[in-house]
Structures are given as C-alpha cells and as structure tokens.
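Novice: need coordinates for the following:
(one chain, ligands or ions: 1)
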Amino acid sequence: MLKLSKSKNLKPATRAVHEIRMDAIEQSPAMPPIYQTSTFAFPSAESLGEKISGGPDNEVYVYTRGSNPTQRTLEKTVAAIEGSEDAICTCSGMAAITLVAMTFLKSGDHAIVSNVTYGDTHGLFESIMRKFGVETTFVDTTDVQNIKKALRPNTKIVFFETPSNPLLRLTDIKAAAAITKPKGIRLVVDNSLMSPVFQQPIREGADISVHSLTKYLNGHSDVVGGIVLCNKKDRLELRSMLFTTGPVLDPHAAWLVLRGIKTLEVRMKKHEENALKIVKFLLSHPKVEKVYHPAVPGHPDAALAKRQMSGMPALMSVEVKGGYKAALAFINKLELFKRAVSLGGVESLAEHPASMTHAVIPKAQREAVGITDSMVRLSIGIEDAEDLIDDLRQALEG
Ligand SMILES: Cc1ncc(COP(=O)(O)O)c(C=O)c1O
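Specialist: Residues are numbered from 1 along each chain as shown. Have a look, this model is predicted:
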C-alpha cells in the first residue's frame, strides 16, 4: 500500500497505475513468474545511479535491454543443460550470431567460416561483416586441415555448424579446437540442429556455442530467439554489446522457451526416433535419388557422429528423381508436412533450400558446395512416424 494513500485520497487513475503489486508468497511456483517489465524501480536515486555507473552486473536489474530476471533464468537454465559457464540470450538466432561477430571481430580482422551454413549466416559474414572491414574465408570445415590452411595472423574467429544445414555433414569440434586454442582464436559452433541434449560443443573444446532458440530449445514454433553460451568473461563483453545495440529477447518469449525446455529431452528422442524411421523409408523408395543424413549407411561422418553426438539429427535433405520440378511437386503434394522454413518444432516441415533458406547464397556457390536445385529439406516433427511415412509415400508416388 502506498504511504501517500494514508494521508491523501488518491484518485482511481493514480491507484490504477500504482497499486499493482505482487504479494510475496511462501510457496515456490512450478514455473517462474514472467518479469514482463521494461524497467525496475530502486529505493533511492543514489542506489539507481550506483547500479548504472557500476557497469554490467548480471544480477542487478535496471532496464530490460540490459538484463531481466526471466531472461537470466533462461540463460542459466540453458548454460546448465549444455555445460557452459554462462550464457546470454538474444531476440533471434541470427542476433546471437551477429552479437558474437560484432563483439569479437573488428575492422582488419579475419574470420574462417564453414562454406555450408544457414543462408543468413553466410550473408552476415559475406556482406555485412565485410562492409565493416572483416574479411572471411569460407572453407569446407568437414576437413579441419582446411581451417589450418586458411589461418592468417589476424584470424580471430572460426565458425561452423555441425551438423551443417542442409547437407548434414559434420565437423570435428575437438580437432578444430586443437587448431584454434593454441592461437587464441575463438571457436564458435552453431549447435541449433542438435540442441544441448545431443551435443555440447563447449565440452568438446569450442569457446562459444550458439543456438537459434527458435528451433528445438523452444520447440513449438511460437518464439523467435537466440542464445550464446560462453564463459563469464566473454559474457561481459557480449552483454556490453547487447546493451548498446539492443537485440534483446522479450521476457515473455524467454518464459515460453523455459516452458518448451522442460520437454526438450523427450521431444529430441521422439524427433530422433521418427527421423531414423524416415531415413530408412526414404532410402528404400525407388523415387528417391539421395538422402543426406548421418544415419545413412556409409556416411563419411558416421564415426564422428557416434563420438561427438549422443543422438541423431531430425533434419535431413532428400533428392527426388526428376530434378527441380519433381522436388517442388513433391513438396506441393505433402499433406501433413507443412510447406514452411524453420526446423525443430513439433510439427514436420518441408522446404526447398535453393529457393528458400539458402537462396541468399549465390547459385554458383550453392551448387559448388552441393546444395542442388533438386534438394528438399525435411524437418521431422514428433507426430506418429507411420503417418509421416504415409504422407511422404503419397507425395512421392502421387
Ligand atoms: C542452423 C541455424 N542457425 C541459425 C539460424 C537462425 O535462427 P533464427 O531464425 O532464430 O534467427 C537458423 C535458422 O533457420 C538455422 O537453421
């Protein structure tokens, strides 16, 4: 109750603004509250001034662009699952990758990036970072010797996805770290496809792991978000950049991801189980030319997959016989699979990388790395596997 209200008869408009308060309760809620607030009030002008001038403090909440308890809860939760010292969340996966690039690269620096990544990651390094004076060499990181060959005295970051999107090739994180660590180069791995349940890049030697929270961590296709997993020292620098540039995750979105995370492991296991059944089906179908997935017998990264990951991805690509036209016809005939970009949600999705997720990569470059016009990417959801297989069969044979 406001002290003022005892001495003065406050009007409804004032009470409506100032009487909202949360009673402290003894019981702890199963889910944490959402701190859906842009700013935090302090008991005195001095205490607020001190906190602002005292620099970034993870646990002191002043303004939600800097930090917020719901964001912080999410950061600590994901850090705990993946085994990193700390984390910082952002408003999208691309914002997480951009935050890392903007924080740890400056004009005159050099980056080494895998030649097969999500299209906008390629675009970020190829166009935007180049505009700011950062040069990038794109190499096939599935052979880590290519990283070694591309090193320059000014190389500051090595970045790859493993498995890669949409080719599902793996890069050996430990072997890459053996090259970057002695030179003090930051090794950054996009772990969106595996989630912290199936792969922990920092435990393998990476310095930073990034996720599009939009994918498996949230898992329900209702949030766009990102997170950077890192040590406490790097987080201070990332937070300073985040506070100034502003790509923060809304507290309500952070809370939704916390809700999604509770079922992360059960979802991942079901995604994997379905994906393995679907790979088997696709391999056996006469209309299928090629399946891209580490569980395909004879896959060049099968041994690495076994060592580096504790589960199989639910993303795969497939080439259907008949080229580009047949690929689009196949996508158009699907009934349960939604025609949509993204991945990692409970629903199965189908898309055409060359004209959608990877369209930003010039055609010649795309084809040089093997992203063909006849490739269809499937994100396998958690529906019944037999229903999904029936849908794929009717689309292939229809
Ligand atoms: C592997 C990977 N990393 C990053 C991103 C970007 O994530 P967001 O869409 O949340 O910005 C995507 C998006 O599809 C992705 O597939």
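
Novice: for the protein, which residue gets nearest to the ligand?
Specialist: Of all residues in the chain, the one sitting closest to the ligand is G93 (2.4 Å; C-beta to the nearest ligand atom). The C-beta positions use only the backbone N, C-alpha and C, and glycine is treated the same way.

Novice: and for the residue minimising distance to the centre of the chain, nearest residue in space, chain neighbours not counted?
Specialist: Centroid check for the chain by C-alpha atoms, centre = their mean gives S212 as the closest residue, at 1.8 Å. Using C-beta to C-beta, 6 or more residues apart in numbering and skipping residues adjacent in sequence, the residue nearest S212 is G93, 2.5 Å away.

Novice: same thing with G133?
Specialist: Using C-beta to C-beta, 6+ apart, the closest residue to G133 is S107 (3.1 Å).

Novice: state the helix or strand in which the one you found lies.
Specialist: Assigned by DSSP states H and E, S107 belongs to no helix or strand.

Novice: how many neighbouring residues does it have?
Specialist: 9 (other C-beta atoms under 10 Å).

Novice: what segments of the stretch 251-398 of the chain are helices?
Specialist: 251-261, 264-284, 302-308, 323-333, 363-369, 385-397 (DSSP state H, counting those that start in this stretch).

Novice: for the residue nearest to S212, give me the pLDDT.
Specialist: On the pLDDT scale, G93 is placed at 98.

Novice: which parts of the protein sit against the ligand?
Specialist: Within the chain, the positions near the ligand by C-beta under 6 Å from any ligand atom are 92-94, 118, 161, 165, 190, 192-193, 212, 214, 224, 226, 342.

Novice: now those as CSV including secondary structure?
Specialist: Output for the residues of the chain next to the ligand, formatted as CSV (DSSP: H, G, I helix; E, B strand; the rest coil):
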residue, secondary structure
S92, coil
G93, helix
M94, helix
Y118, coil
E161, strand
N165, coil
D190, strand
S192, coil
L193, coil
S212, strand
T214, coil
V224, coil
G226, strand
S342, coil
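
Novice: now, of the residues you listed, which are buried?
Specialist: Neighbour-count burial (16 or more other C-beta atoms under 10 Å) is assigned, among the residues of the chain next to the ligand, to 92-94, 118, 161, 165, 190, 192-193, 212, 214, 224, 226, 342.

Novice: ok, those residues vs D172, which is closest?
Specialist: Relative to D172, the closest of these is E161; by C-beta to C-beta it sits at 13.3 Å.

Novice: give the helix, strand or coil label for S209.
Specialist: Assignment for S209 (three-state DSSP): strand.

Novice: surely it and N191 touch.
Specialist: Yes: counting by C-beta atoms under 8 Å, N191 is a contact partner of S209 at 4.7 Å.

Novice: next, show the common contact partners of those two.
Specialist: Common neighbours of S209 and N191 (criterion: C-beta atoms under 8 Å, 6 or more residues apart in numbering): E82, Q200, P201.

Novice: of those, which belong to helices?
Specialist: Judged by DSSP state H, the subset of these located in helices is E82, P201.

Novice: thinking again about what came up before, ok, which pair from the buried ones among the residues of the chain next to the ligand is furthest apart?
Specialist: Within these, E161 and V224 form the most distant pair, 18.2 Å apart (C-beta to C-beta).

Novice: surely K183 touches L151?
Specialist: Yes: under the criterion of C-beta under 8 Å, K183 makes contact with L151 at 7.1 Å.

Novice: quick one, which of the two is more surrounded?
Specialist: A direct count of neighbours by other C-beta under 10 Å for K183 and L151 places L151 higher, at 16 against 11.

Novice: show me the domain layout of this structure.
Specialist: What automatic domain parsing lists as the domains of the chain is 45-261, 264-397.

Novice: start to end distance for the longest one?
Specialist: Across its full length, domain 45-261 reaches 38 Å between end residues, using C-alpha to C-alpha, to the nearest Å.

Novice: how far out from the middle of the chain is that domain?
Specialist: Distance of domain 45-261 from the chain centroid (C-alpha atoms, centre = their mean, to the nearest Å) equals 8 Å.
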